[in-house]
Every structure is written in structure tokens, then in C-alpha cells.
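Asks: What shape does this take:
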Amino acid sequence: MSKAGTVKHKRGSTAEHVPRMSPEATQRIRQWHEGAYEELRQRETSEIQYLGRTFIVPPQVFPPTPMSDLLGNALLDEVRPSDRVLDMGTGCGVNAILAASASRDVVAVDINPHALECARKNTELNGVSDRIEIFESNLFDEVDGSFDLIVFDPPFRWFEPRDILEAAITDRNYESLTRFMEKARGHLRQEGRILLFFGSSADLGYLEELIEREDFFRESVAERRLDKGGLIVSYFVFRLKP
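Replies: This is a model prediction of the structure:
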């Protein structure tokens, strides 16, 4: 069995991540990624209807995908009116706005300034701007306090991003995913939980290793399978608890 994913990635690590999948699968994923990235680069500002809400998404911001509703619906089922919620990597504000359908205390962060501006406009468009605080933060760097619920839809790819848009879908050597898992416990309240979206077209084995290493209890609350050119890909929403 490959030892890929057993390296303990640290912030600033230069070790190249080797995924726990066959070379053929790795090559196919790289091809998918290049196609998806090229489509993103060709996008124009668009109005998107998603789970009964409207989002305006400019080309510099990653939009909801056909799989996003798996996490979105799980979030709507999970969030409670009493929850303080953190949407990590908010993008166009999708999950923060969904969380604000129940919670009045939502924090949304991102590293992309275009995403922050977009998210602010979408909170106003959807009438929940008074429930959501939005600011720039690299993961937990600028985040204070603890939360009942943290929502994270991390980049699936372990490649080096070429620009701020691609950073929404690529995470060099899974450095951000690793840091998130290492720091998340310190921002969870006693009965806090995490909703995390991931799939088998990413290195699912490495995520499972991180979950075990950081001693989280994991359960799958949503799952969907997709045939991508003959390769079956599974997507999951995991609920993690300390």
C-alpha cells in the first residue's frame, strides 16, 4: 500500500503530497482539474438560483456546483437557531446565507477579496446581512472565539494554485486542510460540530488520517455517487465531533 498521505504536512511544508490513488486516477483528476479551471476562467458574472435563493457571482469567485446542494441541504438540516456558525472559505456566501436562515450569529471568512465583496452583496440580496459578519482571514488566523457549528468546503486538489480563483479548488500539499484540522478543535464549543464536504476525487484517505490524528468522531450525513467518464466518484458530507 502507498504511504501517500502519511506525511504530517505543516505550514510552509515543501514536501510534495502523493495521493492515495493509482497513477491513472491521479492523471485523470489532473485532466478534470485543467478542464474545470479553464471553464472557471471563461465565466462571466452570473445570477444563480440555488436552494431557493439568488446569488450574483462574478468571474473572480467560485460559484456553487451541481454537487454543492449535498452540503447545502445537510447544513439546512443541521443548523439550529441557537448556533453560532463559522463558514470557513465562504466564497459567494452560499453556506453563510443558508446558515442564517436559522442562526442569527454567523461569521464568514475568506482570503479572496472578490469573494468577500461578493458575499456581502449576496447577504444583502437575500436579506440576511444583519445576521452575518464577513471579513478576511486565512483559516482561523483572524477568527476569535468558539462556535457551535463550523462549515468547511475545502479545495479537493493538492496542486499549487496559479491565482486567487484557483485557490478555491486547489490547496498545495493539503496545507490548508491540514492546518484546519489541527486548529478546529480550539474553535469548537463543548458540544460543537463540523460539517465538512469532501470526495473520492480528492485524497479521501489523507482526510481520514487527519480525522483520526486529531481524534474526531466522524459520521457521514450525506453521500452521492457520480459517474465521471466511467470512474465512479463519491461525495460526502461528514459531521465531525471532538
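
Asks: Buried ones in stretch 132-143, by neighbour count?
Replies: Of all the residues in stretch 132-143, those buried under the rule 16 or more other CB atoms under 10 Å are 132, 134, 137, 139-140, 143. In short, each C-beta sits where N, CA and C put it, glycine included.

Asks: ok, now stretch 113-131?
Replies: Per 16+ other CB under 10 Å, stretch 113-131 contains these buried residues: 114-116, 118-123, 125-126, 128-129, 131.

Asks: what do you get for stretch 180-188?
Replies: 180-182, 184, 187-188.

Asks: Not counting its own residues, what contacts stretch 113-124?
Replies: 55-58, 60-62, 90-94, 96-97, 100, 108, 110, 129, 131-132, 134-136, 164, 168 (CB atoms under 8 Å, 6 or more residues apart in numbering).

Asks: Please indicate which of these are buried?
Replies: 55, 57-58, 60-62, 90-94, 96-97, 100, 108, 110, 129, 131-132, 134, 168.

Asks: Now the lowest-mean-pLDDT helix or strand in the chain - C-alpha only, CSV.
Replies: Every helix and strand in the chain was compared by mean pLDDT, DSSP states H and E; the lowest is helix 23-41, with a mean of 90. Output in CSV follows, covering the C-alpha atoms of helix 23-41 (Å, rounded to 0.1, in the frame of the first residue of the first chain):
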residue,chain,number,x,y,z
PRO,A,23,-1.3,6.9,-11.1
GLU,A,24,-4.1,6.5,-13.7
ALA,A,25,-6.7,8.1,-11.4
THR,A,26,-4.2,10.8,-10.5
GLN,A,27,-3.7,11.7,-14.1
ARG,A,28,-7.4,11.7,-14.8
ILE,A,29,-8.1,14.0,-11.9
ARG,A,30,-5.4,16.4,-13.2
GLN,A,31,-7.1,16.4,-16.6
TRP,A,32,-10.5,17.1,-15.0
HIS,A,33,-9.0,19.9,-13.0
GLU,A,34,-7.5,21.6,-16.0
GLY,A,35,-10.9,21.5,-17.7
ALA,A,36,-12.7,22.8,-14.7
TYR,A,37,-10.1,25.6,-14.2
GLU,A,38,-10.4,26.6,-17.9
GLU,A,39,-14.2,26.8,-17.5
LEU,A,40,-13.8,29.0,-14.4
ARG,A,41,-11.6,31.3,-16.3
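
Asks: before we move on, back to that, out of the buried ones among the contacts of stretch 113-124, list just those in strands.
Replies: Residues of the buried ones among the contacts of stretch 113-124 located in strands (DSSP state E): 55, 57, 108, 110, 132, 134.

Asks: Distance check, the residue at minimal distance from the centre of the chain against residue 94.
Replies: Most central in the chain under CA atoms, centre = their mean is residue 153, positioned 1.3 Å from the mean C-alpha point. Distance of residue 153 to residue 94, given as CB to CB, to the nearest Å: 9 Å.
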